[in-house]
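Undergrad: structure for the following, please:
(chains A and B)
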Amino acid sequence: MNYNEKAASNIEIISYYSGVIIFGTALLMLIPIFFTIVCFEFAPLIDFIISFCITMLVGLGLMLFGKKTQIQNATTQWKHGYIIAAFTWILLMMLCAIPYSLSGHTKSFLDSCFDVMSGFTTTGLLLTQDLDHLSIGLNMWRHLLTFIGGQGMIVLALSFVSNQASGAYRLYVGEAKDIELVPNVVGTAKIIWKISMIYLGIGTAALWITGMVIGLNPITAFFHGFYMFASAWSTGGFSPMTQNMMYYHSLTYEIICLIILVLGSFNFGLHYAVWQGNRKEFIKNIETRSFFITSIISCALILRWLTKLNVYPDAIADFRRVIFNVLSAHTTTGFTNIYARQYALEWGDIGVLIMVIAMLIGGSACSTAGGFKGLRVAMVFKAIIVDIKKLLSSERNVKVYKYHHIKDCILEDSGVKSSAIIILCYIVLFAIGTILGIFCGYPMGSSAFEAASATGNVGLSIGVTSLSTPAILKIYYIVAMYMGRLEFISVFALIGFVIKGVKKICKRY
Amino acid sequence: MQKILRVISIVFIIFFVFSSEVFAQEKATEINALIENAKQLDNKTVTVEGEAVGEPLERGKYCWVNINDTTNAIGVWVNSEDAKQIKKYGDYKNKGDIIRVTGVFRRACKEHGGEADIHNESMQIIKHGYSVHEDISVVKLIIAVMLVLILILAIFFIHKLKIIRLPYHF
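TA: Numbering: from 1, shown residues only, chains lettered A, B, ... in the order given. A predicted model of the protein is given here:
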């Protein structure tokens, strides 16, 4: 480095790494471009070429702006990691929305951005119209976004960046993933992808074969197999058809999707531990225990309630509808085998309330799932029990309390505090969404359901999300999905950075 | 004069016969209305009209035909022989046949695991489907070509002048 030269500024570092990630995402567009060519879909081909070029040029522009970062090999700090993650997600939302907008399947650019953010955050709420006539290219793009979003865009970028990984861990954590499967973060990112790709092969094959058995032609069955796998594994909830899971009319298809979505909601660390031969981890892990307890309680309560209301004709129907929908909500997937309005009209207040709680709890930390995460709920719950135990035991009795998550960890006040803060942030976000929904004229139950669905990145809808939803509510849901997925810290860092920048400018002039 | 009266009376008869046929047809219910009023319409005979989408899903002597009337979509449980009347199903390249289905609506069908569906009693093709012609916008095409050229030039200069190293090593 030439010492007369000024070191790369914060903005240059942020710009350079954001450019790298955007450049990588642009390369992803080559996949739908390939399928539009193979399937002779020329109008979407042009849309994707335009989007690809714009995204590439924006990525290159940002890299050029921050070129000092590369020349000086500047290291990123924690704040950079958080800000890059938060900033890149906003920019990518707009760039990836271009094919949606050009296709004419969305009414406005805001609706396109809504769907992209829903895909990235693996939520599954949608405003795209006329799904049944969507091109293979656009369908591929929707499901690819949700698949990549589940693993994380930064995780994807890191997997292929071999020479520019200085401070990579900070970028990785910025995207709300903090597990280290191996000491090297690029290695961890690659393992996450390896796990996902193996499941992708098995899951798509299983759904492909089942699709053919239930009457789909082999080509459609293959595409649907991929789409549904991508949605289930990333706990996304998008589907290629308007009817979502109801299009297939098949219990087997539902069961396979259910297995995939439950697996997708588990921590990547847990998958890795089980793959390494540590099968007991599955039973010992605090997150899986927490997940099974809350799932059983939610299913049992809703089953009891719906039996009382006599909603379904027999036990088979009860189990098929309740277990699928509750697990879909709890894992924050958003697949559904009933109509959105049936929650409001048939499941009643108790059914909706339990679904809201299940959606807010969500899946596991460092998985593709959303919500406050089972780990945090279990830690806070355990801390309450520990406090009661401490109150009841002798003051001279000093005991260390532990929980098992991949390894034995000590239950420390700082960990419990940070978990409680994140849970509180989710609740505040959910409460604001509910109040805003009520202000926009929706009933309280429906507002709460939709707010929980957006905040927890679930994607189940009770009918609030539609073309007629007021723009302010659409924007709020975008913010809720975004903050919920990045778990607040990165977004707060970006907001702080922007405010600091504005203050500096104000002082200067 | 007699000729004119004869023509008028024939026209009148034809108009009357055809219009009576139209009036005899029950008004189709929107699929969204079925869901919104599911409890009242449960196990009642209803008529819906919509586009056959996707593919027929064969289940032995019967098959599932999914129809979409733009308000929502629903599965219709149809005799496989009846389903053969449908020649085109809607997808990106095709506009499916518009069919009129009269059948029993079940809010939570016992036979099909609690699914909301319609068991077909009679089916009629209202409008035949067709292949959709792709409209390729010339403006979009020109923009695409220009952007590709700009991108190639940008990458060429960055690479040639060694301004930055492009990321990603596959």
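
Undergrad: which non-adjacent residue is nearest residue A:383?
TA: residue A:416 (4.2 Å; CB to CB, 6 or more residues apart in numbering or on different chains). Glycine gets a C-beta too; all of them are placed from N, C-alpha and C.

Undergrad: pretty sure the one you found contacts residue A:377?
TA: No: Residue A:416 is beyond contact range of residue A:377, at 11.5 Å (criterion: CB atoms under 8 Å).

Undergrad: need the three-state assignment for residue A:303.
TA: Going by DSSP: H, G, I helix; E, B strand; the rest coil, the secondary structure assigned to residue A:303 is helix.

Undergrad: repeat for residue B:120
TA: strand.

Undergrad: helices or strands next to the helix ranked longest in chain A in the packing?
TA: When chain A is parsed with DSSP state H, its longest helix is helix A:185-213. Under the contact definition 3 or more CB pairs under 8 Å, 6 or more residues apart in numbering or on different chains; DSSP states H and E, helix A:185-213 sits against helix A:136-151, helix A:153-160, helix A:168-174, helix A:218-233, helix A:251-264, helix A:268-275.

Undergrad: out of those helices, which gets nearest to chain B?
TA: Using CB to the nearest CB as the measure, helix A:153-160 is the one of these that comes nearest chain B, at 5.0 Å.

Undergrad: quick one: mean pLDDT for that closest one?
TA: The pLDDT scores in helix A:153-160 average 68.

Undergrad: check stretch A:462-482 too.
TA: Rounded mean pLDDT across stretch A:462-482 is 93.

Undergrad: does chain B sit close to it?
TA: No: Stretch A:462-482 is not in contact with chain B by CB under 8 Å from any CB of the partner chain; minimum separation 9.5 Å.

Undergrad: residues in contact with that stretch?
TA: Residues from elsewhere that reach stretch A:462-482 (CB atoms under 8 Å, 6 or more residues apart in numbering or on different chains): A:89-90, A:93, A:107, A:110-111, A:113-114, A:117-118, A:121, A:123, A:125-127, A:129, A:340-341, A:343-344, A:352, A:429-430, A:432-433, A:436-437, A:440, A:442, A:445-447, A:449-451, A:453-455, A:457, A:491.

Undergrad: just the pLDDT at the residue in chain B positioned nearest to chain A, thanks.
TA: Nearest residue of chain B to chain A, counting by CB to the nearest CB: residue B:114, 2.7 Å away. With respect to pLDDT, residue B:114 scores 93.

Undergrad: tell me who's in contact with it.
TA: Counting by CB under 8 Å, 6+ apart, residue B:114 has contacts A:312-314, A:316-318, A:320-321, B:108.

Undergrad: look at the closest residue in space to residue B:42 that isn't next to it in sequence and tell me its secondary structure.
TA: Ranked by CB to CB, 6+ apart and with sequence neighbours excluded, the top spatial neighbour of residue B:42 is residue B:107, at 4.2 Å. Judged by three-state DSSP, the three-state class of residue B:107 is strand.

Undergrad: state the distance from residue B:107 to residue B:69.
TA: As judged by CB to CB, to the nearest Å, residue B:107 and residue B:69 stand 18 Å apart.

Undergrad: out of those two, which sits in the busier spot?
TA: Neighbours were counted for residue B:107 and for residue B:69 using other CB atoms under 10 Å in any protein chain shown; residue B:107 has more, 25 against 19.

Undergrad: quick one: contacts for the more buried one?
TA: A:346, B:38-39, B:41-43, B:116 are the contacts of residue B:107 under CB under 8 Å, 6+ apart.

Undergrad: quick check: buried residues in the single longest strand found in chain B?
TA: Longest strand of chain B, by residue count under DSSP state E: strand B:45-59. For strand B:45-59, the neighbour count (16 or more other CB atoms under 10 Å in any protein chain shown) marks B:46-57 as buried.

Undergrad: list buried residues within the contacts of residue B:114.
TA: Looks like these have A:312-313, A:317-318, A:320-321, B:108 buried, using 16+ other CB under 10 Å.

Undergrad: ok, the residues you listed vs residue A:358, which is closest?
TA: Nearest to residue A:358 among the buried ones among the contacts of residue B:114, counting by CB to CB, is residue A:321 at 14.7 Å.

Undergrad: before we move on, the earlier item: the longest strand of chain B and chain A in contact?
TA: Yes: using CB under 8 Å from any CB, strand B:45-59 reaches chain A at B:51, B:53-59.

Undergrad: between that strand and helix A:185-213, how many degrees?
TA: Interaxial angle of strand B:45-59 relative to helix A:185-213 (axes from the mean of the first three to the mean of the last three CA atoms, to 10 degrees): 110 degrees.

Undergrad: quick one: name whatever helix or strand follows strand B:45-59.
TA: Note on strand B:45-59: by DSSP states H and E, the next helix or strand toward the C-terminus is strand B:62-68.

Undergrad: what angle do strand B:62-68 and the helix or strand following that following strand make with each other?
TA: Note on strand B:62-68: by DSSP H and E, the next helix or strand toward the C-terminus is strand B:73-79. Strand B:73-79 and strand B:62-68 are oriented at 150 degrees to each other (the same axes, to 10 degrees).

Undergrad: do strand B:73-79 and chain A meet?
TA: Yes: judged by CB under 8 Å from any CB, strand B:73-79 comes into contact with chain A at B:73-75.

Undergrad: can I get these in JSON lines with pLDDT?
TA: Formatted as JSON lines, the residues of strand B:73-79 next to chain A follow (pLDDT from 0 to 100):
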{"residue": "B:73", "pLDDT": "95"}
{"residue": "B:74", "pLDDT": "96"}
{"residue": "B:75", "pLDDT": "95"}
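
Undergrad: and the residue of chain A nearest chain B?
TA: residue A:317 (2.7 Å).

Undergrad: that older thread, list the buried residues for the longest helix of chain A?
TA: Residues of helix A:185-213 classed as buried under the neighbour-count rule (16+ other CB under 10 Å) are A:185-186, A:188-193, A:195-196, A:199-200, A:203-204, A:206-211.

Undergrad: the closest residue to residue A:118 other than its chain neighbours: what's it in contact with?
TA: Setting aside the residues directly before and after it, residue A:118 is nearest to residue A:125 in space (CB to CB, 6+ apart), at 4.8 Å. In this structure, residue A:125 makes contact with A:114, A:118, A:334, A:453-454, A:459, A:461, A:465, A:477, A:481, judged by CB under 8 Å, 6+ apart.

Undergrad: quick check: the farthest pair among these?
TA: A:114 and A:334 (14.3 Å).

Undergrad: list the beta-bridge partners for the one residue sitting closest to the centre of chain B.
TA: Residue closest to the average C-alpha location in chain B (CA atoms, centre = their mean): residue B:51, at 2.5 Å. The partner list for residue B:51 in beta bridges (DSSP bridges) reads residue B:68, residue B:98.

Undergrad: what residue ranges in chain B score low on pLDDT?
TA: For chain B, the stretches flagged by pLDDT under 70 are B:1-26, B:168-170.

Undergrad: next, the contact list for residue 66, please.
TA: Reading this off chain A. Residue A:66 neighbours (CB under 8 Å, 6+ apart): A:8, A:11-17, A:19.

Undergrad: right idea, wrong chain: chain B
TA: A:241, A:243, A:247, B:52-54, B:57, B:73-76.

Undergrad: how about these in TSV, adding distance to residue A:59?
TA: Shown next, in TSV, are those (distance: CB to CB, whole Å):
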residue	distance to residue A:59
A:241	33
A:243	37
A:247	37
B:52	43
B:53	37
B:54	37
B:57	43
B:73	39
B:74	44
B:75	44
B:76	48
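
Undergrad: which of these sits closest to residue A:283?
TA: Nearest to residue A:283 among these is residue A:247, at 36.0 Å by CB to CB.
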